[in-house]
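Visitor: Okay, predicted coordinates and the sequence, questions at the end:
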Amino acid sequence: MNLADIRFLFDYDRWATSRILDALESDGPIDEVTWSATNAIDRRGLGGILVHALGAHQRWRHGLSGSTITPRPERSALSRPTSLRRSWAREWAALDAWLATLDDAWLAKTDEGVPYWQMLAHVVNHGTQHRAEAAALLTAAGRSPGDTDMMDFAEERAKSAGGRTKAG
């Protein structure tokens, strides 16, 4: 895997997470029960799921960059959707700046035998799990985020670049 592949994965991660955040705001504020109540999918509730996904994203970036900071937004009062969106925007800006410092040789480095590129792929995969949980809760609340599959992202990206896809 090379840096262009990693950037593609994180571009997908941002696109799919944005679809979830958009669905939160699609019909006015999300109701408090959907946002914060424990549910059958996850003990954290929709807001807790999304804050955890942000925290994990931050912790992996900080850890892999050598920072001693260990963000734990899950330990703070539950953010509101608009505040969470701003937190994600800050995280994405920090991620972009950090990715710009990496190269393919860094991706090949290992920690306990695991290449860094696999750790970064894990971050995106972890986000996919929690987006699926959030999407199920949003759909049950009448706010489906629509398709968040990687292929949907890839096809949308190809079309915007003027390319054709199998589905198009």
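Guide: Yep, it's here.

Visitor: contacting residues around the closest residue to residue 73 other than its chain neighbours?
Guide: Closest residue to residue 73 apart from its sequence neighbours, by Cβ to Cβ, 6 or more residues apart in numbering: residue 55 at 4.6 Å. In this view, the C-beta of every residue, glycine as well, is placed from N, C-alpha and C. By Cβ atoms under 8 Å, 6 or more residues apart in numbering, the residues touching residue 55 are 71, 72, 73, 74.

Visitor: SS state for residue 21?
Guide: Classification of residue 21 using DSSP: H, G, I helix; E, B strand; the rest coil returns helix.

Visitor: other SSEs contacting the helix or strand encompassing residue 132?
Guide: Take DSSP states H and E as the rule and residue 132 turns out to sit in helix 116-140. The contact analysis (3 or more Cβ pairs under 8 Å, 6 or more residues apart in numbering; DSSP states H and E) places helix 116-140 against helix 3-24, helix 32-36, helix 45-65, helix 104-108.

Visitor: for the first one, what is the average pLDDT?
Guide: Mean pLDDT, helix 3-24: 97.

Visitor: same thing with the third one?
Guide: Across helix 45-65, the average pLDDT comes to 95.

Visitor: Could you give the separation of it from the chain centroid?
Guide: 8 Å (Cα atoms, centre = their mean, to the nearest Å).

Visitor: The second one now?
Guide: The chain centre lies 20 Å from the centre of helix 32-36; the measure is Cα atoms, centre = their mean.

Visitor: What lies in contact with that helix?
Guide: Defining contact as Cβ under 8 Å, 6+ apart, one finds that helix 32-36 is touched by 45, 46, 47, 48, 78, 81, 137, 138, 140, 141.

Visitor: The first one: neighbour count?
Guide: By other Cβ atoms under 10 Å, the residues close to residue 45 number 20.

Visitor: and it, what does it touch?
Guide: Applying Cβ under 8 Å, 6+ apart, the residues near residue 45 are 34, 35, 36, 37, 38, 39, 78.

Visitor: If we ignore the residues flanking it in sequence, what's nearest the fifth one?
Guide: Put plainly, it is residue 38. Using Cβ to Cβ, 6+ apart, the closest residue to residue 38 is residue 45 (5.8 Å).

Visitor: how near is that neighbour to residue 8?
Guide: Distance, residue 45 to residue 8, using Cβ to Cβ, to the nearest Å: 31 Å.

Visitor: Looking at the contacts of helix 32-36, which is nearest residue 126?
Guide: Closest approach between the contacts of helix 32-36 and residue 126, by Cβ to Cβ: residue 48, at 15.0 Å.
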